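Visitor: make a model of this:
(chains A, B, C and D)
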There are 2 protein chains.
Amino acid sequence: MEETIFAKTQTTFRTSCDQCGLSSVCLPIAVDPEDLYRLETAVNRGQKFNRGELVFKQRDRFKSCFVVQGGAVKTFIVTEDGEKQVTGFYLPGEMVALDSINTDYYSCSAEALERSSLCEIPLDRFAEHTLRIPGLQHHFFQLMSQEIQKSQRMTVLLNRKTADERLATFLLSLSKRFGRRHMSATQFRLPMTRNDIANHLGLAVETVSRVLTRLQKQKLVQFQGRYCTLTDVNGLTNIAHAVNSPYECRG
Amino acid sequence: MEETIFAKTQTTFRTSCDQCGLSSVCLPIAVDPEDLYRLETAVNRGQKFNRGELVFKQRDRFKSCFVVQGGAVKTFIVTEDGEKQVTGFYLPGEMVALDSINTDYYSCSAEALERSSLCEIPLDRFAEHTLRIPGLQHHFFQLMSQEIQKSQRMTVLLNRKTADERLATFLLSLSKRFGRRHMSATQFRLPMTRNDIANHLGLAVETVSRVLTRLQKQKLVQFQGRYCTLTDVNGLTNIAHAVNSPYECRG
DNA sequence: CGGTGGATTGAGCACACTCAAGCATTGTGG
DNA sequence: CCACAATGCTTGAGTGTGCTCAATCCACCG
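Guide: Residues are numbered from 1 along each chain as shown, chains lettered A, B, ... in the order given. Predicted structure coming up:
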């Protein structure tokens, strides 16, 4: 079964979905090989974007979701009053534009933070597949649930956390996500500027800078420009989960 | 077609889904009457909850989504360090627990803010329906997208808005949502405590109180306890969308 | 009547913002 | 190759918004 697919992809000079290593993001666990082939013809794999290039733009007609293969992407929305707000960062293996599924327009813009490679998953044709492959529907519902939960956690954590807690949380989140994709969870390069981080976390750039040097002085992290080494994950976790007040939680 | 359904609901002393007035929330525009009947047997309508009662609890096995028919519900999560965070308020016609679809457990708890009536939509059996009725799947994807966007707007607005802006935004949001359901958009009762509002908006109760009296002095709203009258919607809108800095938005 | 939970108001303080200056890095053109 | 610009990052000083702590008020209810 794999052979046929592999042969096909060889002729088209593309990597097959099941060779991708990220297939668990796009596909449910078990997919019939025949269906897999049909899916592959739908997915537009390995598109390249340069730093600063837009993957899609807010208010453009919604067409596809994208999975980051390599590089990194930020999403942002422009509010009525022209303010720009970074709503998320997407690392390899993460799907972008789930917030726009089955809406008419993209609800945010996505921009490559460095040279990046993305797989486009057209969702008009995907809808047909979803109906035929029950697992796919479940899978996408799950991805969207996770997206909601992520967004809620964001709201939750940032609404009541201090600058130090926010940044500790942020670094740990990156760490976990890099680690999940078999990259180092303690040494990585931040693909985004301090400005992006500040914007995303609702802080001033200066505060981000100050906090990062503070964390460094506490020997919790080490920075060399954008290169980041977590030297004390437990320490960071303590800061991130700071117990402000052991509140009684009735209910 | 309506007759048969109506007859059925008469005998069971329940209102039919298509009589509900909220059916646009639960159902796609056009549903085959036969399918509608099957759906109705799945939906557990009109469950009553007293103030303070839990509709479902975080970490319980996920079973159903709920649509608020009457009353109001708040959702909250308890973080690792025991902090309670209100993640949303749900008014008549709004669906709760979309963030938990196709996850194993509820990711938050839901509590009635006053005596409320909710329709339970079991999602195990619903999955079957979704496959048979194409519109249903689309509909649910859409609801989830909206939920993500709502959550993102929350993050966005609250991360960089002042206390005044947050509360103006909050009041206008309630206004719109009441108005959408053919209730007064300018006169309503807040179903939640100041504490809940504060928690949800990431403020201290004292700040909420102070800001509300300030808005009242500016003749924008009128309060009598929980009863609220918006006297100057434009004024509120100006505050809510305060132009901090007309930022250049490249991209 | 006292008791309880919710709401308001006041005083003082602290965390993060603003403004401002300087440093570091990268890229571009002469 | 260096000068220069542009952008990103860091550091400092002063200020203000919203928090904390505390007291009071209010409505509802046993």
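Visitor: show me the contacts for the nearest residue to residue A:140 once chain neighbours are set aside.
Guide: With CB to CB, 6 or more residues apart in numbering or on different chains as the measure, residue A:130 is the residue that lies nearest to residue A:140, at 6.7 Å, once sequence neighbours are left out. In this view, the C-beta of every residue, glycine as well, is placed from N, C-alpha and C. Counting by CB atoms under 8 Å, 6 or more residues apart in numbering or on different chains, residue A:130 makes contact with A:136-137, A:140, B:137.
Visitor: just checking, residue A:103 touches residue B:142?
Guide: Yes - using CB atoms under 8 Å, residue A:103 makes contact with residue B:142 at a distance of 6.7 Å.
Visitor: show me which residues of the stretch 101-250 of chain A sit near DNA strand C.
Guide: Taking CB under 7 Å from any atom of the strand as the criterion, the stretch 101-250 of chain A approaches DNA strand C at residues A:162-164, A:202-204, A:206-207, A:225.
Visitor: try it again at 10 Å.
Guide: For the stretch 101-250 of chain A, the residues in contact with DNA strand C under the definition CB under 10 Å from any atom of the strand are A:161-167, A:198, A:201-211, A:214, A:224-226, A:250.
Visitor: out of the residues you listed, list just those in strands.
Guide: Secondary structure assignment by DSSP state E places residue A:224 of those in strands.
Visitor: in helices, which of the residues of the stretch 101-250 of chain A next to DNA strand C appear?
Guide: Using DSSP state H, the members of those that fall within helices are A:163-167, A:198, A:201, A:205-211, A:214.
Visitor: and those, which are buried?
Guide: A:163-167, A:198, A:201, A:207-208, A:211 (16 or more other CB atoms under 10 Å in any protein chain shown).
Visitor: got TSV for those residues, with distance to residue B:236 and pLDDT too?
Guide: Formatted as TSV, these follow (distance: CB to CB, whole Å; pLDDT from 0 to 100):
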residue	distance to residue B:236	pLDDT
A:163	30	95
A:164	34	95
A:165	32	95
A:166	29	95
A:167	34	96
A:198	29	96
A:201	28	95
A:207	30	97
A:208	32	97
A:211	34	97
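Visitor: which of these sit farthest apart?
Guide: Taking CB to CB as the measure, these reach their widest spread between A:165 and A:198, a distance of 15.0 Å.
Visitor: tell me the confidence at residue A:87?
Guide: The per-residue pLDDT reported for residue A:87 equals 93.
Visitor: just the strands in the stretch 1-150 of chain A please.
Guide: Shown for the stretch 1-150 of chain A, the strands assigned by DSSP state E, counting those that start in this stretch span residues A:44-49, A:54-56, A:64-70, A:73-78, A:84-90, A:95-96, A:109-112, A:116-122.
Visitor: can I get the ones you listed in JSON lines with distance to chain B and mean neighbour count?
Guide: Compiled in JSON lines, those are given as follows (distance: least, CB to the nearest CB, whole Å; neighbours: other CB atoms under 10 Å in any protein chain shown):
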{"stretch": "strand A:44-49", "distance to chain B": "13", "mean neighbour count": "16"}
{"stretch": "strand A:54-56", "distance to chain B": "6", "mean neighbour count": "20"}
{"stretch": "strand A:64-70", "distance to chain B": "11", "mean neighbour count": "22"}
{"stretch": "strand A:73-78", "distance to chain B": "5", "mean neighbour count": "22"}
{"stretch": "strand A:84-90", "distance to chain B": "4", "mean neighbour count": "21"}
{"stretch": "strand A:95-96", "distance to chain B": "12", "mean neighbour count": "22"}
{"stretch": "strand A:109-112", "distance to chain B": "6", "mean neighbour count": "22"}
{"stretch": "strand A:116-122", "distance to chain B": "14", "mean neighbour count": "20"}
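Visitor: how about residue A:214, nearest residue that isn't a chain neighbour?
Guide: Sequence neighbours aside, residue A:164 is the residue nearest to residue A:214 in space, at 7.0 Å (criterion: CB to CB, 6+ apart).
Visitor: over to residue A:23?
Guide: Spatially, and ignoring its direct neighbours in sequence, residue A:23 is nearest to residue A:17 (5.2 Å; CB to CB, 6+ apart).
Visitor: what's the local residue count around the one you found?
Guide: Neighbours of residue A:17 under the rule other CB atoms under 10 Å in any protein chain shown: 20.
Visitor: try the one 10 residues further on
Guide: Residue A:27 has 20 neighbouring residues, counting by other CB under 10 Å.
Visitor: just checking, it touches residue A:139?
Guide: Yes - taking CB under 8 Å as the definition, residue A:27 is a contact partner of residue A:139 at 7.2 Å.
Visitor: just the closest of the contacts of residue A:130 to residue A:49, please.
Guide: Distance ranking of the contacts of residue A:130 against residue A:49, using CB to CB, places residue A:140 first at 23.5 Å.
Visitor: run through the residues that contact that closest one.
Guide: Under the criterion of CB under 8 Å, 6+ apart, the neighbours of residue A:140 are A:101, A:130, B:141.
Visitor: among those, which has the minimum pLDDT value?
Guide: Between the contacts of residue A:140, the one the model trusts least by pLDDT is residue A:130, at 76.
Visitor: what ranges in the stretch 1-150 of chain A fall below the confidence cut-off?
Guide: A:1-15, A:28-31 (pLDDT under 70).
Visitor: in it, which residue sits closest to DNA strand C?
Guide: Here the stretch 1-150 of chain A gets closest to DNA strand C at one residue, residue A:51, 8.9 Å apart by CB to the nearest atom of the strand.
Visitor: now that residue. Nearest residue, chain neighbours left out?
Guide: The shortest distance from residue A:51 to any residue that is not its chain neighbour, by CB to CB, 6+ apart, is 5.1 Å, and that residue is residue A:114.
Visitor: ok, the residue nearest to residue A:23 touching residue A:38?
Guide: No - applying CB under 8 Å as the test, residue A:17 and residue A:38 come out as separate, 11.0 Å apart.
Visitor: point out the residues in the stretch 1-150 of chain A that sit beside DNA strand D.
Guide: Looking at DNA strand D, the residues of the stretch 1-150 of chain A close enough under CB under 10 Å from any atom of the strand are A:51-52.
Visitor: rewinding a little: just name the closest of the buried ones among the ones in helices among the residues of the stretch 101-250 of chain A next to DNA strand C to DNA strand C, please.
Guide: Of all these, the one with the least separation from DNA strand C (CB to the nearest atom of the strand) is residue A:207, at 3.0 Å.
Visitor: contacts only, for that closest one.
Guide: If a contact means CB under 8 Å, 6+ apart, then residue A:207 has A:163, A:198 as its contacts.
Visitor: measure the closest residue to chain B within the stretch 51-200 of chain A to DNA strand D for me?
Guide: Residue nearest to chain B within the stretch 51-200 of chain A: residue A:159 (3.1 Å; CB to the nearest CB). The gap separating residue A:159 from DNA strand D is 9 Å, by CB to the nearest atom of the strand, to the nearest Å.
Visitor: for the closest residue to that residue other than its chain neighbours, grab the count of nearby residues.
Guide: The shortest distance from residue A:159 to any residue other than its chain neighbours is 3.1 Å, reached at residue B:202 (CB to CB, 6+ apart). Around residue B:202 sit 22 other residues, with neighbours defined as other CB under 10 Å.
Visitor: right, I'll leave it there.
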